[in-house]
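Q: Show me how the following folds:
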Amino acid sequence: MVGKITVIMKKEHRKIRGYLNDFLKKGEKNFWIIFKKNVKKHFEIEETAIFILVGKSVENELDEILSLRKQHKEILRYMKTIEKSFHKKQEDLVRKLTNLITRHATYEEKTFYPKIDQMLEEWQKEEIIENIRKMLN
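A: As a prediction, this is how the structure comes out:
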């Protein structure tokens, strides 16, 4: 059975992929701005609502959390590079960014979130979900 955190974060990943697809199809800056805003918000949710509580609750997950944070920084660096030269052709950079995001989201959905859904107590999951919902509004 898929856990609650996995379900809510998969839904968020689908929204981000949708924003990225809108940008890829249209190539317009306003679609990039929407995508960028939502990626940053998503990372903030993960880092403050999930990683902190999981890190406190399940010590052996710290390395994994550090790795996910490192991936966030790498994705944001690619986004910054793309944004700096937005007017130039950058299919290669955008393709690399898309691949990074896809690998990152797939890992979280198939490995990280199911694992924490399994490891955490029900009250801990509810606390995380409550924090996520507050941040989404």
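
Q: Return the lowest-mean-pLDDT helix or strand in the chain as PDB; C-alpha atoms alone will do.
A: Least confident element among the helices and strands of the chain, by mean pLDDT, DSSP states H and E: helix 52-57 (a mean of 75). Output in PDB follows, covering the C-alpha atoms of helix 52-57 (Å, rounded to 0.1, in the frame of the first residue of the first chain):
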ATOM      1  CA  ILE A  52      13.800  18.000   9.200                       C
ATOM      2  CA  LEU A  53      11.300  15.800  10.900                       C
ATOM      3  CA  VAL A  54      12.600  12.600   9.200                       C
ATOM      4  CA  GLY A  55      16.200  13.500  10.100                       C
ATOM      5  CA  LYS A  56      15.200  14.000  13.700                       C
ATOM      6  CA  SER A  57      13.200  10.800  13.800                       C
END
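
Q: all numbers from here: first residue = 263
A: Got it, first residue is 263 now, which makes that one helix 314-319.

Q: Pull out the buried positions in whatever helix or strand comes next after that helix.
A: The helix or strand immediately downstream of helix 314-319 is helix 324-346, counting by DSSP states H and E. Within helix 324-346, the residues that count as buried by 16 or more other C-beta atoms under 10 Å are 326-327, 330, 333-334, 337, 340-341, 344. Just so you know, the C-beta spots here come from the backbone N, C-alpha and C atoms, and that holds for glycine as well.

Q: how far is helix 324-346 from where the chain is centred?
A: The chain centre lies 10 Å from the centre of helix 324-346; the measure is C-alpha atoms, centre = their mean, to the nearest Å.
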